[in-house]
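Trainee: fold the following and give me the result.
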Amino acid sequence: QVELVESGGGLAKAGDSLRLSCAASERAFNWYAMGWFRQAPGKEREFVASISRNLANVDYGDSVQGRFTISRDNTKMTLYLQMDSLKPEDTGVYYCFADRVYGTRRQGDVDYWGKGTLVTVSS
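Mentor: Numbering: from 1, shown residues only. Alright, predicted model coming up:
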């Protein structure tokens with residue numbers, strides 16, 4: 001069973017920073033690449049970032065490249081998303097995901113999802 005629980009969302013102002021966390025079951029960390037998608041109101045779910053199981057590879061969506069940093073602590077079985085220089089367009093529900101294949105960028109290809117955490121950025 002793969003379980004993913006996000007935390008760390010909340011209210012922020014433009015230019016602020018937030019760090020999201022995703023606590024994962026042992027199976028997820030041992031076998032899966034992991035990452036984040038987000039969904040703004042009225043929009044489709046959008047790829048944000050992913051990281052391979054061995055930490056060797058990371059991938060970012062164009063809209064967050066250079067501002068967000070993904071990392072994972074395999075000893076704590078936790079995935080992180082450090083979000084700096086936040087913008088109002090970063091507002092949305094952020095979903096942690098786990099996938100058997102690194103490089104997933106389409107929501108339809110994802111194996112497992114968390115329930116999401118809401119991030120709201122005001123101008």
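Trainee: in the chain, what helix or strand scores lowest on average pLDDT?
Mentor: The helix or strand of the chain with the poorest confidence is helix 26-31; it has a mean of 77 (mean pLDDT, DSSP states H and E).
Trainee: show me the contact partners of that one.
Mentor: Residues from elsewhere that reach helix 26-31, judged by Cβ atoms under 8 Å, 6 or more residues apart in numbering: Gln1, Val2, Glu3, Leu4, Met34, Arg53, Arg72, Asn74, Met77, Ala98, Arg100, Tyr112. For glycine as for every other residue, the C-beta is placed from the backbone atoms N, C-alpha and C.
Trainee: how far does that helix sit from its chain's centre?
Mentor: 16 Å (Cα atoms, centre = their mean, to the nearest Å).
Trainee: now do stretch 56-73
Mentor: Distance of stretch 56-73 from its chain centroid, counting by Cα atoms, centre = their mean, is 9 Å.
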